[in-house]
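Colleague: pasted the sequence and its predicted model underneath.
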Amino acid sequence: AEGLPEDVVSAVRAVAPEQLASESSRGAALAQLEAALASAEAKAKERALAQALTQVDERIAQYKPTLFGVVDAVGRALKEAFTLAVSRVYVVALALAVLALLLTLRLPAIPFRRGGAPGAVAVEP
């Protein structure tokens, strides 16, 4: 009887030897034992679940500082990457603006048309 739940042990002890003698009373005794086993099984499942949840909670509490450190490090890395990307965009835009200015300065100067009636359109032959 060692290792068995008290509900099951008491249910076995409650079965009288006379109950096992006849077929009809044997079924009732077995039904009582099955009910005690089902109850013990449900209680064992509840205890196992409670124990597992307690262990999970303990592990979470144990690793919480490490997890928060990792989350902070990832957030910092994302911010640095975003800052670097935006900085590069501005550097490239500045380089393109300088290049455009230099190309504009190299364009030949074409003088404006002098004379002619206002609104008149010049037609080239």
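Modeller: The structure has been received and is ready for your questions.

Colleague: packing partners of whichever helix in the chain runs longest?
Modeller: For the chain, the longest helix by residue count, based on DSSP state H, is helix 23-106. Judged by 3 or more CB pairs under 8 Å, 6 or more residues apart in numbering; DSSP states H and E, the packing partners of helix 23-106 are helix 6-14. C-betas here are computed from N, CA, C, even on glycine.

Colleague: who touches the helix it packs on?
Modeller: Helix 6-14 is contacted from outside by Ala1, Gln32, Leu33, Ala35, Ala36, Leu37, Ser39, Ala40, Lys43, using CB atoms under 8 Å, 6 or more residues apart in numbering.

Colleague: top of the residues you listed by neighbour count?
Modeller: The most crowded member of the contacts of helix 6-14, judged by other CB atoms under 10 Å, is Ala36 (20 neighbours).

Colleague: now it, nearest residue through space, not along the chain?
Modeller: Ala11 (3.5 Å; CB to CB, 6 or more residues apart in numbering).

Colleague: any idea how far that neighbour is from Phe68?
Modeller: 50 Å (CB to CB, to the nearest Å).

Colleague: okay, the two: which has more neighbours?
Modeller: Between Ala11 and Phe68, counted using other CB under 10 Å, Ala11 has the larger neighbour count: 20 against 10.

Colleague: give me the angle between the helix-or-strand element of the chain with minimal mean pLDDT and helix 23-106.
Modeller: The helix or strand of the chain with the poorest confidence is helix 6-14; it has a mean of 77 (mean pLDDT, DSSP states H and E). For helix 6-14 against helix 23-106, the angle by axes from the mean of the first three to the mean of the last three CA atoms, to 10 degrees is 170 degrees.
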